[in-house]
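In: This is a predicted model, with the sequence first.
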Amino acid sequence: MGALFALVLLNTISRPSFLSITVKNGQLYGSIIDILRDSAPLMLVALGMTLVIATRGIDLSVGAVMAISGAVALQIISKSTSPNRIGTVLIAIGIGVFITLLFGLWNGFLVAVVGIQPIIATLVLMLGGRGIALLITGGFITTITSSPYAQMAQGHLLGLPLAFFFSVGAIAIIGLLVRRTALGVLTESVGINPSASRLAGVRSRGIIWSIYGISGLLAGLAGILYSSNIMAADSNNAGFLIELDAILAVVLGGTSLRGGKFTLSGTVIGVFIIQTLTSTITFLGVPPAVTPVFKAIVVILVCLSQSSRVRQWLGRIRHLRGAKPPIRLSGLETEVLAERKSV
Amino acid sequence: MRNTNTVDVTPTGTIKSGMRRKMKARLSWIPVLAALAILILMLIGGQVHFGSFVTPGMLSSLLVDNAYLVVLAAGMTFVILTGGIDLSVGSVMAFTGMLAAKLLSVGVPVAVVIPLMLVAGALFGTMIGVLVHFFDVQPFIASLAGMFLARGLCFVVSLEAIQVKDPFVLGLESARLGSGDWYITPTGIIALIVIAIAAWVLAYTRFGRTVYAIGGNEQSARLMGLAVARSKILVYVVSGVCAGIAGLIFTSYTAAGYSLNGIGTELDTIAAVVIGGTLLTGGSGYMVGSLIGVFVYGVIKTAITYLGADASWERISIGILLLAFVVVQRFIVARANRN
Amino acid sequence: MRSISIEFPGVKALDDVDFTLRSGEIHSLLGENGAGKSTLIKALTGVYSIDSGTIQVSGKERTFAGTADAQSAGIATVYQEINLCTNLTVGENVMLGHEVRGRFGINWRATHAKATTYLRQLGVDVDPRSQLSGHSLAIQQLIAISRAMVVDCRVLVLDEPTSSLDRSEVEQLFAVMRRLRSRDVAILFVSHFLDQVYEISDQMTVLRNGKLVGEYHVGELSRSELISKMLGHELDELESIARTASRTIDRTGNPILKITALGRKGSIEPTDLDIYDGEIVGFAGLLGSGRTELVRIIYGADRSDHGAVEVRGKSVRLSSPRHSSNHRIAFSSEDRRAEGIIGDLTVAENIVLGIQAKRGWLRRVNKAQSDEVVAQYIESLDIRPVSPHILMSNLSGGNQQKVLLARWLATAPQLLILDEPTRGIDVGAKAEIQREIAKLATAGLGVIFISSELDEVLRLSQRVVVLRDRRKIAEFDNHESFDIGDIVALIAKEGAA
């Protein structure tokens, strides 16, 4: 949270217009609004990624999956006789997202049933997915003109970008799903100790399977948004490297890559940090290609701040729930201790 | 209480029985042999299908065209053996290439540039290694940061490609040595030397054995008094230096430094190492396996070109092959555990 | 070690403790969990730094900033988990870090030969080129000790080395220890198996509540005197659990569980068993006899090859923990850490997990229900600390076991399978758990109770099943007159036959 605040502060200082919001034709405009809109695809993907990481897994295929959903949806619309009807658009979106849901379940199958490591299982789809998307579009970048479709990324609702509502909707639905049902706590349980969870009667397999499916579905939606923005199915560039941004957002938000406890609100903040960072860099006139350098610095800073060694050095002892009393041990010994705790 | 039971200490055993024992004792060879089998099958299959597939020319180009990948795979093997991963290699390769191109274009002598490339790679590796070991950052994230940093710095050096005209560097690629249709370039030789040295280090130095130990059980390795901290950081340094060497090879191959080089190469490298029989969990794998993995990759690329298929099939087939390999590895490991 | 004090915020783990270890002596360190045993060892091996007091090695004062320092002072430790690398060969593990080097790198022939020498010195005959993972835990332990010899240790600390060994392996270990003793190595032996302590040690040091109770020559104290010094007044707790053996069980009608010829190749031979309401069936047998394998198959944690299971007369297929849970069978694994506790979740979440898993992910157990259940069990099982929002990983072993018990009891099972529920926990908790089990059985719960401590099995069970070498060799009703010797004899008699 502090990092986001710092970024916003930095922006406001260097360009006072950052925080300003203007109203035109009943719609809001401004840098902040841009951030809300542009962050939507990443938000969707990062939400799914949070759940996957919580199960001790990872989903590297989300970018490729985005390309697939865009390709499917646009092919349908471009072949249809009435591209401007909302019905057509909805069907196209529905099928596109359904296909990516299937791909997500495929990933889940590999991980939960066959037992392949998540990084490899999703790497396969990452390598092959864009190729599949290209095959769907016949090797071309399909373009369409369809005003309902364009609305999603470019339209407005209640003055705010429609895309933003996608974000909000996803956050709300996923949030309810994990906290109102037991899905959240069971996922954490599976991530923290898969065998104990299984013995306790938790349907680990089913949960892991579904979570990858959810990730696929969200990535599919993100792909639809992306293609809606450029009104084309660009299989090579859709969601390019978004998996890394998503993982970054999750880690920045405080969920550990080791799995277990996760925080959706942390991810939301992480996404905004990344988006604000991108926006700041663009504003500073730095060529966007150099953005990675700043991302690297942010990653390193956040990781350092999360590292226990640094915390010890700074003498700050964060009191987490039931924090163990600090003992003068080096890293190794804490492990030895933890291992033998139950003896 | 001196026992007279036979203790199988090798000096008296025959070579054959010694080898058999070693083979039986090393389950970790099985995935490597499987990779070799696949390679041979693919070569045979290609020969059958295309007629003249396995030619001296093709085999030679297999090494020469993929020399950069061989070197990257060597470095990556070290990292993966400790249970880590290095996502930065493609970007570091591009960066060192870019750096070299820039320096050469302003007249810095080759003899200075090449060592500088290696130092740059080593610096990236050191940064990642320190993050991983001292600050407990997961290798995925730490090397991701390295990747971002390197890629971004590429663009800082120059947004566009820089031609390389230096005769030495270009000569590394263009000079052909060989007889008949077989040929090899200095870059190919460099790649083979790197693999050979790497294999020797893994099998015959304390550092190499420490790498295996860390991959097997890091805590045990520490309690056994091994230099775990130093080794963990060193493997990333090795990977970085290899990325630097690969940068040299790639730059001479493309005769230019270009910021979009090597995008996705880290994944190709990981795929090659995994196909070559190294387990991602660490502690098991051999350098020769990674070499075989790169050749498998190369054969696929060649076959796709022969088929005249779209280049995107390359990635798809690597993906499918990787999947097949990992599934088979799973079954082998599961079977072994059950016994 | 003199006047050692180590303090953690809120608790003085060691209070002014003196400890002396002489060369050529096997010295046992005794005390219940929380007595300060493990803390003292960690101070000796450099894991902890000391708040006050001194450590002298061979007359020279030393401070250990880490394990490497202790190792260089000649103190080697073999932990319960045997810290070796299973992906490497035996010889390599022995010589790791000390391989013989030639001009071209490591000379493997010479290294393996040297490894064999060290192994032979302990009477261990193993091919140094074989992979470590192919050997039993007992052999791996001896290999770990060989390694200690390589680094020329003067003090060898053995931390619970016999927990997973069978009798012959323990003999082998003791032979090695005696051999080392004759070479003037000082051995610190930590174990809670008092028989073994008496068998092998020369000296004993007893700690209680962080303080030194005393150092004794092994002939000085009788077993009961030793126990009373270790426990103080807690000994009474154990005695007070009345032997429930004499309760009669109604064996007419349908048993809760009936297994016929249930088995799995390589794990457990086809076995029959019935369990009735209110009955505690105790499994007795050594490690490797198939006790755990059998109950895991019953519970569906592992697959069976053949055999049939009936629950209340109806034939069922228990192919997964979920199925068993649906039939109201509960199972508490012997490996608490790997298969029981969910460390980063709170006590409350851990307790509710069983119920939640049964309900599925859709219907969440609401806060009110959760609070009620959790409070109920925290009180009835006396779980400390009493706050339900503490992370599970912060509890002591005994309390963790109680939380796991609560998890299962909350699902209202008809059959509860407990595999080594009292292993590695302090006497007070042991007593509480046994008391609770007895109470629940009296109220009608069926229980399968596995324990390595035969006196526990005898104290609680109405029926005892004896297993050896992966099959059931005897089953009998538990009478007052039976004692441990009888069961051990049973196992031995079968073996000789």
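Out: Arrived safely.
In: how far away is the nearest residue to residue C:412 once chain neighbours are set aside from residue C:250?
Out: Excluding its sequence neighbours, the residue lying closest to residue C:412 (C-beta to C-beta, 6 or more residues apart in numbering or on different chains) is residue C:328, at 6.8 Å. Using the backbone N, CA and C atoms, a C-beta is placed for each residue, glycine as well. Separation of residue C:328 from residue C:250 (C-beta to C-beta, to the nearest Å): 19 Å.
In: So between the two, which is more surrounded?
Out: Counted by other C-beta atoms under 10 Å in any protein chain shown, residue C:328 and residue C:250 do not tie: residue C:328 has more neighbours, with 17 against 9.
In: which bits of the stretch 151-300 of chain A sit near chain C?
Out: A:180-183, A:185-186, A:188-189, A:192-193, A:195-203, A:207, A:260-261 (C-beta under 8 Å from any C-beta of the partner chain).
In: got any ranges where chain C has weak pLDDT?
Out: Applying pLDDT under 70 to chain C flags residues C:1-13, C:32-35, C:209, C:224, C:227-228, C:230-247, C:286-288, C:424, C:479-497.
In: quick one on the thing from earlier: let's see which of the residues of the stretch 151-300 of chain A next to chain C end up in strands.
Out: In strands, judged by DSSP state E, none of these are found.
In: Buried ones among the residues you listed?
Out: A:182-183, A:185-186, A:188-189, A:192-193, A:196-203, A:207, A:260-261 (16 or more other C-beta atoms under 10 Å in any protein chain shown).
In: Restrict these to those that also contact chain B, please.
Out: With C-beta under 8 Å from any C-beta as the criterion, those include none near chain B.
In: Please state the backbone phi and psi of residue C:153?
Out: phi -80, psi 150 (degrees, to the nearest 10).
In: measure it to chain A for me?
Out: 18 Å (C-beta to the nearest C-beta, to the nearest Å).
In: I'd like the distance from that residue to residue B:217, if you could.
Out: Residue C:153 is 21 Å from residue B:217, by C-beta to C-beta.
In: near chain A, which residues of the stretch 201-339 of chain B show up?
Out: Along the stretch 201-339 of chain B, the residues adjacent to chain A under the rule C-beta under 8 Å from any C-beta are B:219, B:222-223, B:259, B:267, B:270-271, B:274, B:280-281, B:310, B:312-313, B:315-316, B:318-320, B:322-323, B:326-327, B:330, B:334.
In: Give me the subset of those that also touch chain C.
Out: B:219, B:222-223.
In: For those, which entry has the maximal number of neighbours?
Out: Neighbour max across those (other C-beta under 10 Å) = residue B:223, 27 neighbours.
In: Burial check on the closest residue to that residue other than its chain neighbours, number of neighbours?
Out: Distances taken as C-beta to C-beta, 6+ apart place residue C:83 nearest to residue B:223, at 4.5 Å, with adjacent residues excluded. Other residues within reach of residue C:83, judged by other C-beta under 10 Å, total 20.
In: And for the one 10 residues further on?
Out: Neighbour count of residue C:93, defined by other C-beta under 10 Å: 27.
In: Okay, the residue nearest to residue C:412 and residue C:79: tell me how far apart.
Out: Residue C:328 is 39 Å from residue C:79, by C-beta to C-beta.
In: next one: residue A:33
Out: Distance from residue A:33 to residue C:79, by C-beta to C-beta: 59 Å.
In: Who has more neighbours out of these two?
Out: Neighbours were tallied for residue A:33 and for residue C:79 using other C-beta under 10 Å; the higher tally belongs to residue C:79 (22 against 18).
In: what's the neighbour count on the closest residue to the more buried one other than its chain neighbours?
Out: In this structure, residue C:79 finds its nearest non-sequential neighbour in residue C:159, 5.1 Å apart by C-beta to C-beta, 6+ apart. Neighbours of residue C:159 under the rule other C-beta under 10 Å: 22.
In: same check, this time on the one 5 residues further on
Out: Counted with other C-beta under 10 Å, the burial measure for residue C:164 works out to 16 neighbours.
In: Name the SS class of it, please.
Out: coil (DSSP: H, G, I helix; E, B strand; the rest coil).
In: Pick out the residue nearest the middle of chain A.
Out: residue A:46 (1.2 Å; C-alpha atoms, centre = their mean).
In: which residues in the stretch 1-150 of chain C form helices?
Out: Assigned helices in the stretch 1-150 of chain C, in chain order: C:37-44, C:67-72, C:90-95, C:108-121, C:137-150 (criterion: DSSP state H, counting those that start in this stretch).
In: nope, the stretch 201-350 of chain C is what I meant
Out: Using DSSP H, counting those that start in this stretch, helices in the stretch 201-350 of chain C cover C:223-231, C:235-240, C:291-299, C:321-326, C:336-339, C:347-359.
In: okay, those in CSV with distance to residue C:464 next?
Out: Formatted as CSV, these follow (distance: least, C-beta to C-beta, whole Å):
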stretch, distance to residue C:464
helix C:223-231, 23
helix C:235-240, 19
helix C:291-299, 12
helix C:321-326, 23
helix C:336-339, 24
helix C:347-359, 28
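In: would you turn those into TSV with distance to chain B and mean neighbour count?
Out: Below are those laid out as TSV (distance: least, C-beta to the nearest C-beta, whole Å; neighbours: other C-beta atoms under 10 Å in any protein chain shown):
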stretch	distance to chain B	mean neighbour count
helix C:223-231	29	16
helix C:235-240	36	13
helix C:291-299	14	25
helix C:321-326	20	20
helix C:336-339	15	20
helix C:347-359	25	24
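In: Compare the ones you listed and report which one is nearest to residue A:138.
Out: Closest to residue A:138 of the helices of the stretch 201-350 of chain C, according to C-beta to C-beta: helix C:321-326, at 46.4 Å.
In: okay, now residue C:98: neighbour count?
Out: Residue C:98, neighbours per other C-beta under 10 Å, totals 17.
In: Any idea which residue of the stretch 151-300 of chain B lies closest to chain A?
Out: Across the stretch 151-300 of chain B, no residue is closer to chain A than residue B:152, which sits at 3.0 Å (C-beta to the nearest C-beta).
In: what sits against the nearest residue to that residue once chain neighbours are set aside?
Out: Excluding the flanking residues, the one nearest residue B:152 by C-beta to C-beta, 6+ apart is residue A:293, at 3.0 Å. Contacts for residue A:293 (C-beta atoms under 8 Å, 6 or more residues apart in numbering or on different chains) come out as B:148-149, B:152-153, B:156.
In: now swap in residue C:73 and tell me
Out: So residue C:73 contacts C:57, C:62, C:64 (C-beta under 8 Å, 6+ apart).
In: Let's see the pLDDT reported for the closest residue to residue A:113 other than its chain neighbours.
Out: In space, and not counting its chain neighbours, residue A:113 is closest to residue A:205: 6.6 Å by C-beta to C-beta, 6+ apart. For residue A:205, the model assigns a pLDDT of 90.
In: list the buried ones in the helix or strand where residue A:205 lies?
Out: Here residue A:205, judged by DSSP states H and E, is contained in helix A:204-230. The neighbour-count check on helix A:204-230 (16+ other C-beta under 10 Å) flags A:204-229 as buried.
In: Helices of the stretch 1-150 of chain B, start to end?
Out: Using DSSP H, counting those that start in this stretch, helices in the stretch 1-150 of chain B cover B:15-25, B:29-50, B:56-65, B:67-81, B:89-105, B:110-133, B:139-157.
In: Quick one: name the residues of chain C near chain B.
Out: C:67-68, C:71, C:77, C:79, C:83-89, C:92, C:96-97, C:99, C:101, C:104-106, C:108-109, C:112-113, C:116, C:119-120, C:123, C:125-131, C:134, C:147, C:151, C:179.
In: and the residue lying closest to residue C:308 once chain neighbours are set aside, what is it in contact with?
Out: Distances taken as C-beta to C-beta, 6+ apart put residue C:260 closest to residue C:308, at 4.8 Å, once the chain neighbours are dropped. Contact partners of residue C:260, counting by C-beta under 8 Å, 6+ apart, are C:272, C:307-310.
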